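Visitor: Let's see this in three dimensions:
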Amino acid sequence: MAAALFPLLVITVLCIFHHQCLEALTLATKYENDFSYMKAVQNATDLPPATEYDYIVVGGGTAGCPLAATLSANYSVLVLERGGDPTAYQDVFRAEEFEANMLKLDNGTGPIDRFKSEDGVENVRGRVLGGSSMINMGFYSRAERDFYRKSGIRWDFGLVEKAYEWVEEAIVHGSDLLDWQTAMKEALLEAGVGPYNGFSLDHKLGTKISGSIFDEFEVDMELWSSLIEFMQRWRESCSLPQDQ
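Guide: You can find the predicted model right below:
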């Protein structure tokens, strides 16, 4: 990625998903959560000046973390994340904090990274271990099939389907719309963004209701238990599904 996209001074965090974990960070927490899985995380400046790994994954987001977790079953893996440790920003784990997070000024170190696209559209992305999945209200949807076809990679769609099902069984829940979401749905349909597809995890043109990685779609829903379930499921298998 172009260096211009990133602030010069950032917190760099690494994860080693390997049998020997590094010392845990000890940070004051707002909520009483179990962060034992974070013992593989350290500030990069605390590492030795030279260390060798089989693989280095740049970016600890929705793609980087699962990739590193899968590779770590057989290799030593280093994940570099420019954002901060989520234990320092625990409001991202709670749905009622979503609006407040979106309205915060970008101080250059928090979990919300504001940027403007080449077309001039203002947007936000995650600047925290876990990536934009930590700030997107827990929204879950499968990728468009064209994304895979145009990638230049020969995907085994049978394995892609199994991988989706593996994740969805662990952390994805159905969604009951809140008042503002119902209003947004009706507004989209009134504006002609159709057809209405109802509930679906698949990518579809039009308007639809998709899944959530929060525990329950209520005002006090939490992202936390879903992440714990996912980590436990990963520990049991140590890899994505493979053909037998």
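Visitor: rest of the way, CA atoms for contacts and neighbours
Guide: OK.
Visitor: Do you know the pLDDT at residue 77?
Guide: Residue 77 is assigned a predicted lDDT (pLDDT) of 91.
Visitor: That one and residue 52 touch, don't they?
Guide: No. If you go by Cα atoms under 8 Å, residue 77 and residue 52 don't touch, sitting 9.3 Å apart.
Visitor: Show me which of these two is the more surrounded one.
Guide: Comparing residue 77 with residue 52 by other Cα atoms under 10 Å, the one with more neighbours is residue 77, at 24 against 9.
Visitor: and the more buried one, backbone torsions?
Guide: Backbone torsions of residue 77, given as degrees, to the nearest 10, read phi -130, psi 140.
Visitor: The residue nearest to it when sequence neighbours are not counted and residue 179: what is the separation?
Guide: Leaving aside its sequence neighbours, residue 77 sits nearest to residue 55 (Cα to Cα, 6 or more residues apart in numbering; 4.9 Å). According to Cα to Cα, to the nearest Å, residue 55 stands 46 Å off from residue 179.
Visitor: out of those two, which sits in the busier spot?
Guide: Neighbours around residue 55 and residue 179, counted as other Cα under 10 Å, are more numerous at residue 55. The numbers are 14 against 9.
Visitor: Just to check, residue 93 is in contact with residue 137?
Guide: No. Judged on Cα under 8 Å, residue 93 makes no contact with residue 137 at a distance of 9.1 Å.
Visitor: Compare these two and say which is more crowded by neighbours.
Guide: Regarding residue 93 and residue 137, a neighbour count based on other Cα under 10 Å identifies residue 93 as having more, with 24 against 20.
Visitor: quick one on the thing from earlier: and the residue nearest to residue 77, what's its pLDDT?
Guide: On the pLDDT scale, residue 55 is placed at 94.
Visitor: got a list of what it touches?
Guide: By Cα atoms under 8 Å, 6 or more residues apart in numbering, the residues touching residue 55 are 75, 76, 77, 78.
Visitor: Strands - which of those residues land there?
Guide: Of these, the ones assigned to strands by DSSP state E are 77, 78.
Visitor: Please pick the buried ones from the contacts of residue 55.
Guide: 75, 76, 77, 78 (16 or more other Cα atoms under 10 Å).
Visitor: What's opposite the last one in the beta bridge?
Guide: Partner residues in beta bridges with residue 78, using DSSP bridges, are residue 56.
Visitor: mind giving me the domain split of the chain?
Guide: Split into domains by automatic domain parsing, the chain comes to 1-137, 139-244.
Visitor: Over to residue 188. Which of the three states is it?
Guide: Under DSSP: H, G, I helix; E, B strand; the rest coil, residue 188 falls in the helix class.
Visitor: Quick check: chain neighbours aside, which residue is closest to it?
Guide: Closest residue to residue 188 apart from its sequence neighbours, by Cα to Cα, 6+ apart: residue 207 at 7.0 Å.
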